[in-house]
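S.K.: below is the structure, and that's it, no one-letter string:
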């Protein structure tokens, strides 16, 4: 039987995911078999496991920090918003349909068995389970039949650490207000508070911490400083989108679609010295990029219409006509084609003309392709020549079928569910002159693929590609997780955290 500990937050983006990942790394370093768990995740950043199941990227990050293979049991419910009022619902890695929010909340209790079965599998296999809540436990309109915050904590009898975000201000009101809105039995589960994202001198904060403990009767276990590490973000609240350009040899413009998915695809490029990755959402911000990347989307038709209406499509077409490199991934690849049709309403029913940069035609179906792959770029010519033969690993996760009569971009073998040796090789994607696209997420994770793409970009602008050094992304992430663990150890009273893990909900709050 595993011992649980749960991180809840006073609001969305209070830092729960990263704090949970940091705890996973500390526990792993200290010799524990540890697994992350989040019963319900709402995010467009998703991942395909080794057995072809879909789960949220936040729990993948936490699993990597824990040194274990990501497993869909760590995230039994994934909600992928398709509109402002509806989401695709994925249960234990399998999509069960698109539901309006009202219908999902009506059926929420029906998914408790799936949650508990998933948790039970982890419970039997690990020493500690680090659980992440969602949003705030004090959303009084959502507390009934809760399955992700205090409701889940009660189901698995988990002690809770409550984190507040001081960077956005009002952290004392956040913490006290959250605790006051909870029922007494819920308040008793909170064994410690964490002040997260602090900038400045902690000594100035200490009088407030003492008053906070007096008002709540709950100890503050630590103050975590504001920091930046290259760690996968959970959703569209990421700070990546608002970072200012850092200048450099290569300027890459990623279109920040309203329903952008898997923007973690570009983290390896962001980590490369001399590469500036900008996320843009208006024609005014377009500038003169060396390459444009169209990312994935959870509503390809609606996001293409958005680009058409705000002038970004015209900017991209102008860029391509001038010989500029354009790379589309998944939904972005579909947008580059001649037309997109969704007769069954898998995302957005209807048919729309594409951007016409690639001779491909896409039709959406209800079935979703989910598979891990490894392969190489095929032999390319012209401005894309440097990408030829570059090795990659990644995954497919899409609902469209695409046909083309143009040259394929990549060849790969499926490696999901142990099929690495038996799966026949197949091709994907298309390239034509300076424009290319494919369905492979994570295609830049391997240094060879990232280097090939950046070499093409630099050679196109007359620069020496050897000025760019590719990052070993896997090794880089391991280094980042170790740095995160160091911050957690220095910031939190880890003896108190271990005492809470050991005693569980019986742990008393000793000021």
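M.R.: Looks like it arrived, so ask away. Being a predicted model, the structure only gives us computed values, none of them experimental. Residues are numbered from 1 along each chain as shown.

S.K.: residue ranges with poor pLDDT in this structure?
M.R.: The model of the chain has pLDDT under 70 over residues 233-247, 416-422, 507-511.

S.K.: can you check which helix is longest in it?
M.R.: Taking DSSP state H as the criterion, the chain has its longest helix at helix 473-491.

S.K.: can you pull the buried residues of the helix or strand following it?
M.R.: Next along the chain after helix 473-491, taking DSSP states H and E as the criterion, comes helix 494-503. Neighbour-count burial for helix 494-503 flags 494, 496, 497, 498, 499, 500, 501 (criterion: 16 or more other C-beta atoms under 10 Å). C-betas here are computed from N, CA, C, even on glycine.

S.K.: those into JSON lines, with extra columns for distance to residue 135?
M.R.: JSON lines is the format used below for the buried residues of helix 494-503 (distance: C-beta to C-beta, whole Å):
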{"residue": "494", "distance to residue 135": "27"}
{"residue": "496", "distance to residue 135": "26"}
{"residue": "497", "distance to residue 135": "23"}
{"residue": "498", "distance to residue 135": "27"}
{"residue": "499", "distance to residue 135": "28"}
{"residue": "500", "distance to residue 135": "22"}
{"residue": "501", "distance to residue 135": "24"}
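
S.K.: I'd say residue 253 and residue 286 touch.
M.R.: Yes - in terms of C-beta atoms under 8 Å, residue 253 counts as a neighbour of residue 286; the distance is 6.5 Å.

S.K.: still on that earlier bit, what residues sit buried inside the longest helix of the chain?
M.R.: Within helix 473-491, the residues scored as buried using 16+ other C-beta under 10 Å are 473, 476, 477, 480, 481, 483, 484, 485, 487, 488, 489, 491.

S.K.: please name the nearest non-neighbouring residue to the first one.
M.R.: Right, the one you point to is residue 473. Nearest residue to residue 473, sequence neighbours excluded (C-beta to C-beta, 6 or more residues apart in numbering): residue 268, at 4.4 Å.

S.K.: how many neighbours does the one you found have?
M.R.: By the other C-beta atoms under 10 Å criterion, the neighbourhood of residue 268 contains 26 residues.

S.K.: then residue 493?
M.R.: Neighbour tally, residue 493, other C-beta under 10 Å: 14.

S.K.: list the contacts of it.
M.R.: When contacts are counted by C-beta atoms under 8 Å, 6 or more residues apart in numbering, residue 493 touches 192, 221, 222.

S.K.: kindly reformat those residues as CSV containing secondary structure, distance to residue 291 and neighbour count.
M.R.: Formatted as CSV, those follow (DSSP: H, G, I helix; E, B strand; the rest coil; distance: C-beta to C-beta, whole Å; neighbours: other C-beta atoms under 10 Å):
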residue, secondary structure, distance to residue 291, neighbour count
192, strand, 47, 23
221, strand, 45, 22
222, strand, 43, 23
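
S.K.: so which of the residues you listed is the closest to residue 272?
M.R.: residue 222 (33.4 Å; C-beta to C-beta).

S.K.: now that closest one: how far from residue 19?
M.R.: Shown here: residue 222 relative to residue 19, a distance of 10 Å by C-beta to C-beta, to the nearest Å.

S.K.: spit out the residues that contact these two alike.
M.R.: Joint contacts of residue 222 and residue 19 (C-beta under 8 Å, 6+ apart) are residue 194.

S.K.: in TSV: the buried residues of helix 473-491, plus distance to residue 306.
M.R.: Below are the buried residues of helix 473-491 laid out as TSV (distance: C-beta to C-beta, whole Å):
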residue	distance to residue 306
473	30
476	33
477	32
480	33
481	36
483	37
484	35
485	40
487	38
488	39
489	44
491	41
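
S.K.: and these, which is closest to residue 319?
M.R.: Looking across these and measuring by C-beta to C-beta, the closest to residue 319 is residue 473, at 27.1 Å.
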